[in-house]
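1. missing the sequence, but the structure's below:
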């Protein structure tokens, strides 16, 4: 049971650990992938901006060239305004492009490509500036103008080509980053799905495990209930057995005492008849005036005066003894047939009453009797309880040891549905071999120097058993005796459970 | 009973021969000289009371009382009591239950069935002899109806 619950806690901790682990993985990968996605997005944005910046750069170059062409044709200074604007813009464009390149998370676009473009731009711009200077200085000849124009066109074409190249590269970057983002998103989705799946699995597993554990607990509880019921059943059947045995014994004692009595009455009756007849005979012999000293008649007088009365006397005394024993059995069986009346008993008061009733015997023997601590109160038959305690206390007073002042203690406690009382004395004790014998009817133990018929303890045990308990003895045979009386705490409940 | 013109007989049902003899002796000592018919079991006394046809007509004209022990070898005295009190011819016959049992339920049952007197045999012989002698004195003044 204990092991099982430890295993249960262990498994649940493992489940919990896996769950936390899965959650952590999910959180970490989410953060990781969202960072990565941000980077991808930023790079894509940078690429788009680069695209725009390059176009502006190109358009500024074109503006500068166009402005030069216009000035070439009309030679008016205001046509140079776009050129000047472009001239002012281009350094800003250049630095913006370089800044933008630096923004990439890694080298997405070959810086050489940008450098080439900017160099080509510079070349173009230098050409434009040179042409313009030439124009201002004087009218260049057509041939040189043609040559200049060709160079300018070639430079511009080179710029355009490079711009296309850069644009293509930027577009590639955007496409790549978009792909990366899609990939990251799908990976994240997969990971989250896996995590959720894992958590769901763990939850289901834990739930199943808990259910199984609860089932096991239920089964264990049912088993326990069953064991308890079996135990109760066993206790009940054993109690019933004891009570039935006791009942049978009582019935047996009653029948025996009755059936033994009938012939006894005959023997006693005819002994009386014999006595009467002997008296008549004796009278007749004496009145007949025969000589008492006649040796021939000595035997007759011997018989009427001595032998017959002696024989009848022995028969009578033996009969009386037997009659006594049978009376005791009858008394025992009557006590056994008496209907028990359970009532609440203040045990300490009851014991004190029993002690007071035989106080004189204790005083005569110089013995002290004490009740140690509180005695548990019980519901039982008062008369039977009184007889049990009176018998045991009487026994204690009767069999004190001559060598030491008598000390008798009464103690009590409860154990389960029973009250246990101990009556301890420091008397002569009971030899271990006699521990069961002393409870037998008409059996006594030790030195036979006290009056008694061997009834008391048999009676006490019979009473205690009727009250749902028993009497046992502990003694080393010399230093004292402890009688333990066990009695059902609630005789009423016991009797009710018997009848059901 | 003694002065009655018709002789009253005592039907004694007692399985213990010694008891029967002691009862008879003590009744005689009380001065009762009536005929005592002793039966040792239930069957023979039922035959005497009710005859072979079990009708009880054999008892017509008899004047008797029954001294009944309850513990018999072949049946209980209670059965005999019930039969006597149920039969139209014998129902007025006095029945004195004389037995060892002092169980209250048994005593009640006997009176319920119509027993006239219930006496518990004292288990001590002196008391026993004394009780029987007193019963004898009682029988001496008792009136017994003729069976019809």
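-> Okay, I see it. Only a predicted model underlies this, so the values are computations on that prediction, with no experimental measurement involved.

2. show me where the chain has strands.
-> Looking at chain A here, since you left the chain open. Along chain A, the segments classed as strands by DSSP state E run A:342-345, A:368-371, A:378-381, A:407-415, A:418-425, A:470-475, A:481-488.

3. the intended chain is chain B.
-> Using DSSP E, strands in chain B cover B:9-13, B:36-39, B:64-68, B:95-99, B:117-120.

4. what sits up against stretch A:313-320?
-> Contact with stretch A:313-320 is made by A:264, A:267, A:268, A:271, as judged by C-beta atoms under 8 Å, 6 or more residues apart in numbering or on different chains. C-beta here means a position set from N, CA and C on the backbone, and glycine is covered the same way.

5. could you check it and say which residues are buried?
-> With burial defined by 16 or more other C-beta atoms under 10 Å in any protein chain shown, the residues of stretch A:313-320 counted as buried are A:315, A:316, A:319.

6. thinking again about what came up before, who wins for proximity to chain A among the strands of chain B?
-> Checking those against chain A by C-beta to the nearest C-beta gives strand B:95-99 as the closest, at 10.0 Å.

7. and the closest one, what does it pack against?
-> The helices and strands touching strand B:95-99, judged by 3 or more C-beta pairs under 8 Å, 6 or more residues apart in numbering or on different chains; DSSP states H and E, are strand B:64-68, helix B:77-86, strand B:117-120.

8. report the angle between the first one and helix B:77-86.
-> Using axes from the mean of the first three to the mean of the last three C-alpha atoms, to 10 degrees, the inter-axis angle of strand B:64-68 relative to helix B:77-86 is 160 degrees.

9. who are the packing partners of strand B:64-68?
-> strand B:9-13, helix B:77-86, strand B:95-99.

10. buried ones in the second one, by neighbour count?
-> Judged by neighbour count using 16+ other C-beta under 10 Å, the buried positions of helix B:77-86 are B:77, B:78, B:80, B:81, B:82, B:83, B:84, B:85.

11. centroid-wise, who is the farthest residue in the chain?
-> I went with chain A, as the question did not name one. residue A:141 (112.1 Å; C-alpha atoms, centre = their mean).

12. sorry, should have said chain B
-> residue B:53 (22.1 Å).

13. rewinding a little: can you say which of the helices and strands packed on strand B:95-99 is nearest to residue A:483?
-> strand B:117-120 (37.3 Å; C-beta to C-beta).

14. direction included, what does that closest one pair up with?
-> strand B:95-99 (parallel) (DSSP bridges).

15. and the contacts of the strand it pairs with?
-> The contact list for strand B:95-99, computed with C-beta under 8 Å, 6+ apart, reads B:14, B:23, B:65-71, B:77, B:81, B:84-85, B:110, B:114-121, B:135.

16. pull the distance from that strand to the chain's centre.
-> 6 Å (C-alpha atoms, centre = their mean, to the nearest Å).

17. buried sites along that strand?
-> Buried residues in strand B:95-99 (16+ other C-beta under 10 Å): B:95, B:96, B:97, B:98, B:99.

18. kindly report the residues of chain B close to chain A.
-> Applying C-beta under 8 Å from any C-beta of the partner chain, we find that chain B lies next to chain A at B:16, B:18-19, B:22, B:25, B:100-101, B:121, B:123-126, B:128-129.

19. remind me which residues of chain A are low pLDDT?
-> Applying pLDDT under 70 to chain A flags residues A:1-5, A:140, A:498-500.

20. hmm, the lengthiest helix in it touching chain B?
-> Using DSSP state H to define each element, chain A has its longest helix at helix A:142-287. Yes - looking at helix A:142-287 against chain B by C-beta under 8 Å from any C-beta, the contacts come from A:258, A:261-266, A:268-273.

21. what packs against that helix?
-> helix A:2-74, helix A:111-137, helix A:308-337, helix A:456-466, helix A:491-499, helix B:17-29, helix B:125-141.

22. and those, which is most packed in?
-> helix A:456-466 (a mean of 23; mean count of other C-beta atoms under 10 Å in any protein chain shown).

23. which other residues reach that helix?
-> A:242-243, A:246, A:249-250, A:332, A:335-336, A:340, A:381, A:384, A:387-388, A:391-392, A:394-395, A:438-443, A:470-471, A:485-487.

24. centroid residue for chain B?
-> Most central in chain B (C-alpha atoms, centre = their mean) works out to residue B:67, at 1.5 Å.

25. residues in contact with that one?
-> B:10, B:11, B:12, B:13, B:14, B:23, B:96, B:98.

26. list the contacts for the third one?
-> Meaning residue B:12. Counting by C-beta under 8 Å, 6+ apart, residue B:12 makes contact with B:20, B:23, B:24, B:36, B:37, B:38, B:39, B:67.

27. at 10 Å what do you get?
-> B:19-20, B:23-24, B:27, B:36-40, B:45, B:65-69, B:96, B:98 (C-beta atoms under 10 Å, 6 or more residues apart in numbering or on different chains).

28. likewise the fourth one?
-> With contact taken as C-beta under 10 Å, 6+ apart, residue B:13 is in contact with B:20, B:37-42, B:44-46, B:48-49, B:66-70, B:72, B:77, B:80-81, B:95, B:97-98.

29. what's the separation between residue A:116 and residue A:110?
-> 9 Å (C-beta to C-beta, to the nearest Å).

30. so residue B:45 touches residue B:11, yeah?
-> Yes - with contact defined as C-beta atoms under 10 Å, residue B:45 counts as touching residue B:11 (6.7 Å).

31. burial of residue A:375, as a residue count?
-> 22 (other C-beta atoms under 10 Å in any protein chain shown).

32. what's the distance between it and chain B?
-> From residue A:375 over to chain B the distance is 36 Å, taken as C-beta to the nearest C-beta, to the nearest Å.

33. circling back: just the buried members of the residues of helix A:142-287 next to chain B?
-> Judged by 16+ other C-beta under 10 Å, buried ones among the residues of helix A:142-287 next to chain B: A:258, A:261, A:262, A:264, A:265, A:266, A:268, A:269, A:270, A:271, A:272.

34. reformat the residues you listed as TSV; add distance to residue A:153.
-> Below are those laid out as TSV (distance: C-beta to C-beta, whole Å):
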residue	distance to residue A:153
A:258	154
A:261	159
A:262	161
A:264	162
A:265	165
A:266	167
A:268	168
A:269	171
A:270	173
A:271	172
A:272	174
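
35. low-scoring stretches of chain B, by residue?
-> B:1-6, B:123.

36. tell me who's in contact with the nearest residue to residue A:178 once chain neighbours are set aside.
-> Excluding the flanking residues, the one nearest residue A:178 by C-beta to C-beta, 6 or more residues apart in numbering or on different chains is residue A:44, at 6.3 Å. Counting by C-beta under 10 Å, 6+ apart, residue A:44 makes contact with A:108, A:170, A:173, A:174, A:175, A:176, A:177, A:178, A:180, A:181.

37. same question for residue B:39.
-> B:11-15, B:20, B:45-49, B:66-69, B:72, B:80.

38. mind doing that once more with 7 Å?
-> B:11, B:12, B:13, B:45, B:48 (C-beta atoms under 7 Å, 6 or more residues apart in numbering or on different chains).

39. next: residue A:43.
-> Here residue A:43 is in contact with A:104, A:105, A:108, A:173, A:177 (C-beta under 7 Å, 6+ apart).

40. so the last one sits against residue A:38, correct?
-> No - when contacts are counted by C-beta atoms under 7 Å, residue A:177 is not listed as touching residue A:38 (11.1 Å).

41. residue 147: how many residues sit nearby?
-> By default, I'm working from chain A. Burial of residue A:147 is recorded as 12 neighbouring residues (other C-beta under 10 Å).

42. you looked at the wrong chain, it should be chain B
-> Counted with other C-beta under 10 Å, residue B:147 comes out at 20.

43. got phi/psi on it?
-> phi -70, psi 140 (degrees, to the nearest 10).

44. that one and residue A:228, how far apart?
-> From residue B:147 to residue A:228 the distance is 69 Å (C-beta to C-beta).

45. and what of residue A:307?
-> For residue A:307 relative to residue A:228 (C-beta to C-beta), the value is 73 Å.
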